[in-house]
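Task: produce atomic coordinates for the following.
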Amino acid sequence: RQATLTAWVGEVDAEPRVSVGFVWVGEQTGADDLVGALRSLGRPVDEQVRELSYLELQQMDDDVEGHSYRRYWKGHFCRELPDAAIEAFILRGTPDGRGDGLPYAGLQAYGGAIADVPDEATAFSHRDTFVEFVSASKWTDPAEDEMRMAAARRYGATLAPYASGAYVNALTDEGFAGVKRAYSPEKLVRLTALKNTWDPDNVFHLNHNIAPGG
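Now for the predicted structure:
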């Protein structure tokens, strides 16, 4: 069985610290080598190394109280990550990378097995991307709505010059413009044809909708 690796890096809250991690599927020795490489980056504030089943991995972020939060996301796929994009990622839409209500920032690596599947084979798109950028906020006080959303929008805008599409699950209020970022024109034609066949009345529309059409 071929080993697979998914790595990510994230900036946590308003603190000047970074979280780095990976999911490894393969022989234990390969994971040990990667853990050693991460430890060589410096002394961590905290560390977790756990062996999980696939089900446990998928349940890691489950939270029965999750629906009580207000949420807002911005996301991009990036085929390249030049120095200017890395600086924009670190600054999080601010002059110095600090401030109230800053969203979580994450980069997840793509390529490998993801890119082995032809892009036209599935609805999932942009398989040739290098990393996925996500800016995500959650909060409880409605009075913070505008501040939180504005911060995420500023952040997303600073990475937009390096974007090459978006993951549909990272869209929020972009409407059909966001759907067009998630799928190529050719895929939208195919998905619209499916919609015309199976949901011509657009019953399933409470999503990033692809409406029936010609």
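
Which residue lies closest in space to Leu57, excluding its sequence neighbours?
Setting aside the residues directly before and after it, Leu57 is nearest to Val23 in space (C-beta to C-beta, 6 or more residues apart in numbering), at 6.7 Å. Every residue, glycine included, has its C-beta placed from N, CA and C.

now the strands for the protein?
4-11, 18-25, 70-78, 104-109, 131-139 (DSSP state E).

wait, which of those is closest to His205?
Among those, strand 70-78 comes nearest to His205, with 19.8 Å by C-beta to C-beta.

Include distance to Arg181, mean neighbour count and mean pLDDT when you put the strands of the chain into CSV, please.
Output for the strands of the chain, formatted as CSV (distance: least, C-beta to C-beta, whole Å; neighbours: other C-beta atoms under 10 Å; pLDDT from 0 to 100):
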stretch, distance to Arg181, mean neighbour count, mean pLDDT
strand 4-11, 21, 16, 72
strand 18-25, 26, 14, 80
strand 70-78, 8, 21, 94
strand 104-109, 17, 19, 89
strand 131-139, 13, 21, 92
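
Select, out of those strands, the one closest to Asn207.
Nearest of those (C-beta to C-beta): strand 70-78, 14.3 Å.

what pairs with Pro22 across the strands?
I think there's a mix-up here, since residue 22 is Phe and not Pro. Beta-bridge partners of Phe22, counted by DSSP bridges, are Ala7.

Now do the same contact list for it.
Counting by C-beta atoms under 8 Å, 6 or more residues apart in numbering, Phe22 touches Leu5, Thr6, Ala7, Trp8, Leu34, Leu38.

Run through the residues that contact the spatially most central residue of the chain.
Central residue of the chain (C-alpha atoms, centre = their mean): Val134, 4.1 Å from the mean position. Shown in contact with Val134 (C-beta under 8 Å, 6+ apart): Trp73, Lys74, Gly75, Tyr104, Ala105, Gly106, Gln108, Tyr167, Ala170.

And those residues, which is closest to Ala88?
Ala105 (10.0 Å).

Go ahead and confirm the closest one touches Thr94.
No - Ala105 lies out of contact with Thr94 (C-beta atoms under 8 Å); the separation is 11.2 Å.

Show me the shaky parts of the protein.
Within the chain, the ranges that satisfy pLDDT under 70 run 1-5, 11-17, 65, 214.

ok, back up a step: identify the bridge partners of the residue nearest to the centre of the chain.
The partner residues for Val134, given DSSP bridges, come to Gly75, Gly106.

Excluding sequence neighbours, find me the nearest residue to Ala157.
Gly93 (7.1 Å).

Pretty sure the one you found sits against Tyr155.
Yes - contact criterion C-beta under 8 Å: Gly93 and Tyr155 qualify, at 3.5 Å.

Spit out the residues that contact the two alike.
Shared contacts of Gly93 and Tyr155 (C-beta under 8 Å, 6+ apart): Leu102.
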